[in-house]
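*Asks:* predicted structure and sequence below. I'll ask about it afterward.
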Amino acid sequence: MFEKIAVLGAGSWGSILANLLTENGNDVRVWSNAPEQVKELNEKHTNEHYVPGFKYSDKLVAYDDLEAALDGVAVVLFVVPTKVMRLVANEMVEVLEKTGNKPIIVHASKGLEQGTHKRLSQVLEEEIPEKNRQAIVVLSGPSHAEEVAKKDITLVTAASTDQTAAQKIQKLFMNKYFRVYTNDDFIGVETGAALKNIIALGAGALHGLGYGDDAKAALMTRGLAEISRLGVALGAKPLTFIGLSGVGDLIVTATSVHSRNWRAGNELGQGMPLKEVIDTMGMVIEGIPSTQAAYELAAQNHIDMPITNAIYDVLYNGKDVKTAIEELMDREGKAEIE
């Protein structure tokens with residue numbers, strides 16, 4: 001099964017997924033709003049700022065014209081930062097209104113919308129009328145662009161309330177190194193994907209401060225408990241959090257130097273000011289706005305999330321990282337399973 005597919009967003013993950021889909025035999029066009037990046041992808045078949053040293057398929061075509069990129073596509077894959085998801089979706093609808101096209105909409109971004117705290121599938125549902133789309137599918141799981149680029153084994157989940165659409169996306173992406181499972185729990189998959197970035201910040205900070213494996217394991221385990229509590233309160237299925245988009249994504253994000261959230265936390269732990277961490281990263285650190293969203297959602301839903309609260313205090317109230325850790329450890333004892 002081969003399709004014409006538009007990938008919106010040519011960062012590390014978007015461009016590597018576009019390349020994978022191209023190598024799977026699809027007609028893929030990747031869209032970027034940066035003309036120089038488009039020129040580099042088309043002429044040199046590289047994307048050095050995001051994936052240094054990688055050579056893209058010469059069959060992958062990049063566009064900076066959204067209407068041209070969307071021409072006749074059966075699937076649109078969004079891989080743009082959370083903060084521009086609504087804007088790009090709105091621009092896409094303007095094109096679809098002209099053409100009458102009705103693609104399957106997929107997103108592979110991880111985060112919650114700032115201000116509204118909405119999941120990204122909710123943003124897409126609000127911005128893309130049903131007449132302009134077949135279904136919405138979320139692609140998520142433990143995955144680094146750098147490792148997919150090397151064709152390392154990677155497993156992810158395609159989640160949708162429309163299982164026919166999820167199965168179609170599954171078939172489009174599957175190959176010998178990239179395996180896709182289907183899931184019907186939108187809420188759990190997206191919540192796990194967004195909130196694990198918070199715990200990755202904390203894990204990086206522990207490493208930066210010189211803490212060992214015991215501390216990191218404790219943080220990840222108790223962090224997953226927090227994520228699960230909030231997710232279930234929001235309507236997720238508990239078992240989703242022990243799957244690929246829960247514990248799987250948490251492990252890869254909270255233990256790897258490829259994770260920009262882990263790297264940001266590591267730099268904070270080493271004493272670098274937050275503004276400098278953000279300025280030098282060169283890419284979006286989704287865990288920072290996700291921390292604020294989770295902090296506010298927890299308060300609204302009366303969910304106990306002490307690790308998230310501590311990371312929020314470090315990021316938004318300027319609390320010293322060591323002090324935040326000491327306060328977490330000084331809390332009154334409690335039962336592990338509630």
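*Replies:* Perfect, I can see it now. Residues are numbered from 1 along each chain as shown.
*Asks:* after the longest helix along the chain comes which helix or strand?
*Replies:* Among the segments of the chain that qualify as a helix by DSSP state H, the longest is helix 186-209. Going down the chain from helix 186-209, the next helix or strand is helix 213-233, by DSSP states H and E.
*Asks:* and the helix or strand following that next one, how far out from the chain's middle?
*Replies:* Past helix 213-233, further along toward the C-terminus, the next helix or strand under DSSP H and E is helix 249-255. Averaged C-alpha coordinates place helix 249-255 at 12 Å from its chain's average position (CA atoms, centre = their mean, to the nearest Å).
*Asks:* give me the contacts around helix 249-255.
*Replies:* Helix 249-255 has contacts (CB atoms under 8 Å, 6 or more residues apart in numbering) with 140-144, 192-193, 196-197, 199-200, 202-204, 216, 219-220, 223-224, 227, 259, 261-262. C-betas here are computed from N, CA, C, even on glycine.
*Asks:* pretty sure V106 is touching Q170, no?
*Replies:* No: applying CB atoms under 8 Å as the test, V106 and Q170 come out as separate, 10.9 Å apart.
*Asks:* between these two, who's got more neighbours?
*Replies:* Using other CB atoms under 10 Å, the more surrounded residue of V106 and Q170 is V106, with 28 against 19.
*Asks:* contacting residues around the more buried one?
*Replies:* Here V106 is in contact with V75, V76, L77, F78, I136, V137, V138, L139, A158, I169 (CB under 8 Å, 6+ apart).
*Asks:* which SS state does the spatially most central residue of the chain fall under?
*Replies:* The chain has K110 as the residue nearest its centroid, 2.3 Å off, counting by CA atoms, centre = their mean. Three-state assignment for K110 (DSSP: H, G, I helix; E, B strand; the rest coil): coil.
*Asks:* find me the pLDDT at the nearest residue in space to it that is not next to it in sequence, would you?
*Replies:* Nearest non-adjacent residue to K110, counting by CB to CB, 6 or more residues apart in numbering: A193, 4.1 Å away. Per-residue confidence (pLDDT) for A193: 93.
*Asks:* for V180, same thing?
*Replies:* pLDDT for V180: 98.
*Asks:* over to V257?
*Replies:* At V257, pLDDT is 89.
*Asks:* give me phi/psi at W13?
*Replies:* phi -70, psi -40 (degrees, to the nearest 10).
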